[in-house]
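Participant: here is my input, please return the structure:
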Amino acid sequence: MVSSDHLMPGEQGRIDAVVKTKGKKGRIRKTVAVFSNDPDRQTVTLSLVMNVIDPYHTQKFGAKAIFSSPCAECHVDRGKGKTGAALFNADCLICHRTGKPGKPFSDLKGMTQDDIRSATMSGIPGTIMPGFSWKEGGPLTSDDIDSIVRYIKRR
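Facilitator: Down below sits the predicted model:
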């Protein structure tokens, strides 16, 4: 929002901009177009560069913390009622893609079905991978986990 809708030549004003940063982190750039009646510069584009600090991942949490708020919003809730590819994409891909802390999908595909099932059900000690089975306090049933294993191995 501009502090005034009319500025005389040479006057200054302030422009307030709101940037939605949910799901973003690191250096991001946004632009704001300013329209003018100046025949030589009818549009001026302002470039806003900011460093978004991820408020949830600035500290280390125990692996099972992802099953509680606020972590569950991204790590659990998106996959409720889904199976297979939809479940993997909703809740697993957040960690299991290139550049993220979990093994990328290509590495998971190279694992045996039993190893994938075991890691998903019980977790991997000494890592950020918790057990996702109900028995371990996680949100997934055995059928949910089997659907993820099938998806990984068939893809």
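Participant: tabulate the CA atom coordinates of the host helix or strand of R29 in PDB.
Facilitator: Following DSSP states H and E, one finds R29 within strand 26-35. In PDB, the C-alpha atoms belonging to strand 26-35 read as follows (Å, rounded to 0.1, in the frame of the first residue of the first chain):
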ATOM      1  CA  GLY A  26      16.400 -18.800   2.200                       C
ATOM      2  CA  ARG A  27      16.900 -15.900  -0.300                       C
ATOM      3  CA  ILE A  28      13.700 -15.000  -2.200                       C
ATOM      4  CA  ARG A  29      12.900 -12.100  -4.600                       C
ATOM      5  CA  LYS A  30       9.600 -10.500  -5.100                       C
ATOM      6  CA  THR A  31       8.700  -7.500  -7.400                       C
ATOM      7  CA  VAL A  32       6.300  -4.600  -7.000                       C
ATOM      8  CA  ALA A  33       5.100  -2.700 -10.000                       C
ATOM      9  CA  VAL A  34       4.500   1.100  -9.500                       C
ATOM     10  CA  PHE A  35       2.500   2.900 -12.100                       C
END
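Participant: now do the strands in this protein.
Facilitator: Under the criterion DSSP state E, the chain carries strands at the ranges 26-35, 43-52.
Participant: tell me the contacts of the closest residue to A72 other than its chain neighbours?
Facilitator: Counting by C-beta to C-beta, 6 or more residues apart in numbering, A72 lies nearest to I66, which is 6.6 Å off, once chain neighbours are set aside. Every residue, glycine included, has its C-beta placed from N, CA and C. Residues in contact with I66 (C-beta atoms under 8 Å, 6 or more residues apart in numbering) are 72, 75-76, 130.
Participant: rank the helices and strands of this structure by mean pLDDT and give me the bottom one.
Facilitator: helix 72-75 (a mean of 86; mean pLDDT, DSSP states H and E).
Participant: may I have that one as CSV, with CA atoms only?
Facilitator: C-alpha atoms of helix 72-75 as CSV (Å, rounded to 0.1, in the frame of the first residue of the first chain):
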residue,chain,number,x,y,z
ALA,A,72,2.5,-32.4,12.1
GLU,A,73,0.9,-29.9,9.8
CYS,A,74,3.6,-30.6,7.1
HIS,A,75,4.8,-34.0,8.1
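Participant: off-centre distance for it?
Facilitator: Its chain's average C-alpha position is 9 Å from that of helix 72-75, according to C-alpha atoms, centre = their mean, to the nearest Å.
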